[in-house]
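>>> Okay, predicted coordinates and the sequence, questions at the end:
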Amino acid sequence: MSDCSRCDEWLDGGLDQAERAAFERHLPRCERCARKVAHWRALGGALRQASAPDHEPPPGAQVTRLLARAGAARAEPGRGRLRVPALVVVGALAAVALVLLVRGRLLAEEALGVTLLASTQASVDGGTVETGAGGRAVFTLGRDTVGVGAGTRLRVLHAGTRSTTLVLERGTAALRVEHDRGARDVWVRTPLAEVHVVGTVFRARVSLARLEVDVLEGTVEVRPRGRPGRKVTAASALVVTPEADELRPLEVAWFDELDATPAVEPGPEAPDAGPRPDAGPEAPDAGPPPPRAGLRGPAPSQAAQAAAWRGRATAGDCAGVVQEISRYAQRTSLQSETALLWGDCLRRLGRASAAVEAYEQAARGKEPGANRARLLAAAVLQDDLGQPARAIALLDAYLKRGAELPALEAAARVRKARAQRALGQEAAARAGLEDVIRRFPDTPAAGEAQALLRSPP
């Protein structure tokens, strides 16, 4: 059976989940089916609008009496004046019943529009959201929230109360999808895979030959092209390439793309003695300056600047962001999130020692990202600098303050076991790995722990 022949069954809600998914993959490529669906959606909207009366409808008893009189008029000669009203009543009721029966799926589904919450360097054209190199946008579809990162093109193919389909052509999109007990489906299509969601908080990042799906809450199903689907649970990340896919622990506690704080470009800076952007590269591994008076709480101006810096860093301008934050830190204390961004950029530039100092500065704060900074600093010390003893100290501090999610705690404990192995503490490492397998059996870290136990010290 051809995909086009499934259109009527899809409109009537007569397809099972697999058949519905197959037709919805066909729909954007078929102009004929798209026109047919658009026609019935328009009719459904018109009927919903017409169904809202300007006055109270007559009571049910009155309708019954009218129909009874209409029936009597048909049987009694000389009372033909009632025939036309009777035919009008009966005909109208029949027409409404017919239309409500036809295409029941679309008429029962209310379309959802894009409601923009915040944006910078972004354009919204119908159902297409596109951001520039330093842009971002946050919008809602009904009760769901979608955040779009820099350099992204996202199309809202269909959004309704029963199903929503988005097409992420490039860039980053994070979604907070409210759970409706399986009453609707949400799909995100990318060049490499489809992501099926019921209720969760997740992010998809698309490049030319790579898709990364990060899940904070709930579960999503990722279906790579030509390969079996995989479940990705909370605090996990799945990296999909044309050749394979790999499950990893997720080491973040929130997605910045879902932050609806309007991002604005930083204003002009007062002259200072620090290096200017055209003054050439900074000295290698000249770490961040010490905090002036400890980290302070959130300040709206710094939060707005950090959002703009984050957009530029996502677009690849880490060198410029590092220079600007370095100058900014000479004049004021940094929030934890700003210091975290600083550390991330330094690490991308290969300045591992300076990145650790930035993360440690972020860890001195009291904001939510402070504890996560300890985990990131430990990762750099362990993976990039080969300093397992310092990594263990930071991991212990992170675990003592409490991980944001069980999967992150499991990942931190596996990191600690690897560092203990590097120091020759095999018995402690083995005990830690066995503890992860026992306490966190459903996390990606448990699989890593099993592999480490099987491998030689």
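Received it, and whenever you're ready, just let me know what you need.
>>> Which residue lies nearest the spatial centre of this structure?
residue 174 (2.1 Å; C-alpha atoms, centre = their mean).
>>> Tell me the secondary structure at residue 186.
Following DSSP: H, G, I helix; E, B strand; the rest coil, residue 186 is assigned to strand.
>>> So the spatially closest residue to it that is not a sequence neighbour: helix, strand or coil?
Nearest-residue entry for residue 186: residue 197, 4.2 Å, with adjacent residues in sequence omitted and distances by C-beta to C-beta, 6 or more residues apart in numbering. (C-beta placed from N, C-alpha, C; glycine too.) Here residue 197 takes the strand state, with states given by three-state DSSP.
>>> For residue 175, see how far away residue 197 is.
7 Å (C-beta to C-beta, to the nearest Å).
>>> Find residues that contact each of the two.
In terms of C-beta atoms under 8 Å, 6 or more residues apart in numbering, residue 197 and residue 175 are both contacted by the residues 186, 188.
>>> Just the mean pLDDT for stretch 316-325, thanks.
Computed over stretch 316-325, the mean pLDDT rounds to 88.
>>> so how many other residues sit close to residue 135?
By the criterion of other C-beta atoms under 10 Å, residue 135 has 24 neighbours.
>>> same check, this time on residue 208
7.
>>> Also residue 417?
28.
>>> any idea which element it lies in?
helix 406-422 (DSSP states H and E).
>>> mind listing what the residue nearest to the centre of the chain touches?
146-147, 149, 201-204, 255, 257-258.
>>> same question, residue 137
In this structure, residue 137 makes contact with 116, 118-120, 122, 124, 129, 131, 147-148, judged by C-beta under 8 Å, 6+ apart.
>>> Touching, residue 218 and residue 196? I think so.
No. If you go by C-beta atoms under 8 Å, residue 218 and residue 196 don't touch, sitting 11.6 Å apart.
>>> Just list what the stretch of helix or strand residue 323 belongs to packs against, helices and strands only.
Assigned by DSSP H and E, residue 323 falls within helix 318-331. Judged by 3 or more C-beta pairs under 8 Å, 6 or more residues apart in numbering; DSSP states H and E, the packing partners of helix 318-331 are helix 300-314, helix 336-348.
>>> Can you point out the buried residues in stretch 156-165?
Buried positions in stretch 156-165, judged by neighbour count with 16 or more other C-beta atoms under 10 Å: 156-160, 163-165.
>>> picking up where we left off before, can you tell me which one of the contacts of residue 137 sits lowest on pLDDT?
Here the lowest pLDDT out of the contacts of residue 137 sits on residue 118, with 82.
>>> In three-state terms, label that residue for me.
strand.
>>> Am I right that residue 134 sits in a strand?
Yes. Counting by three-state DSSP, residue 134 is part of a strand.
>>> I'd guessed it sits against residue 310; true?
No. When contacts are counted by C-beta under 8 Å, residue 134 is not listed as touching residue 310 (9.2 Å).
>>> Would you mind telling me which of those two has more residues around it?
residue 310 (25 against 21).
>>> Next one: that one, what pLDDT does it get?
Listed pLDDT for residue 310 reads 76.
>>> just to revisit the earlier point, tell me which of the helices and strands packed on helix 318-331 lies nearest to residue 396.
Checking these against residue 396 by C-beta to C-beta gives helix 336-348 as the closest, at 19.6 Å.
>>> any idea of the angle the closest one forms with helix 318-331?
140 degrees (axes from the mean of the first three to the mean of the last three C-alpha atoms, to 10 degrees).
>>> Now do the helix or strand following helix 336-348: distance to the chain's middle.
Moving toward the C-terminus from helix 336-348, the next helix or strand (DSSP H and E) is helix 352-363. Here the centre of helix 352-363 is set off from its chain's centre by 28 Å, with C-alpha atoms, centre = their mean, to the nearest Å.
>>> and helix 352-363 with helix 318-331, angle?
Using the same axes, to 10 degrees: helix 352-363 against helix 318-331 is 50 degrees.
>>> begin at 8 from here
With 8 as the first residue, the last one maps to helix 359-370.
>>> pLDDT averaged over helix 359-370 - what is it?
93.
>>> Counting by contacts, list what that helix packs against.
Helix 359-370 packs on helix 343-355, helix 376-390, going by 3+ C-beta pairs under 8 Å, 6+ apart.
>>> if we can go back for a sec, residues of the helix holding residue 424 that come out buried?
414-429.
>>> So which of those is the closest to residue 441?
Using C-beta to C-beta, these come closest to residue 441 at residue 424, 9.4 Å.
>>> From what I see, that closest one and residue 440 are in contact.
Yes. Counting by C-beta under 8 Å, residue 440 is a contact partner of residue 424 at 4.9 Å.
>>> so who does residue 350 touch?
362-363, 365-366, 369, 380, 383-384, 387 are the contacts of residue 350 under C-beta under 8 Å, 6+ apart.
>>> about what we covered before: now tabulate the buried residues of stretch 163-172 in JSON lines and tack on pLDDT.
As requested, the buried residues of stretch 163-172 are exported to JSON lines (pLDDT from 0 to 100):
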{"residue": "163", "pLDDT": "91"}
{"residue": "164", "pLDDT": "86"}
{"residue": "165", "pLDDT": "82"}
{"residue": "166", "pLDDT": "84"}
{"residue": "167", "pLDDT": "81"}
{"residue": "170", "pLDDT": "81"}
{"residue": "171", "pLDDT": "86"}
{"residue": "172", "pLDDT": "89"}
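>>> can you tell me which of these are in strands?
Mapping the buried residues of stretch 163-172 onto strands (DSSP state E) picks out 163-166, 170-172.
>>> and those residues, which two are the farthest apart?
Top of the distance list for those (C-beta to C-beta): 163 and 170, 12.0 Å.
>>> What's the local residue count around the closest residue to residue 34 other than its chain neighbours?
Using C-beta to C-beta, 6+ apart and skipping the chain neighbours, the partner closest in space to residue 34 is residue 40 (5.5 Å). Residue 40 has 20 neighbours, counted by other C-beta under 10 Å.
>>> Then residue 43?
Residue 43: 17 neighbours (other C-beta under 10 Å).
>>> The spatially closest residue to it that is not a sequence neighbour: what's it in contact with?
Spatial nearest neighbour of residue 43, chain neighbours left out: residue 14 (5.7 Å); criterion: C-beta to C-beta, 6+ apart. Contact partners of residue 14, counting by C-beta under 8 Å, 6+ apart, are 30, 40, 43-44.
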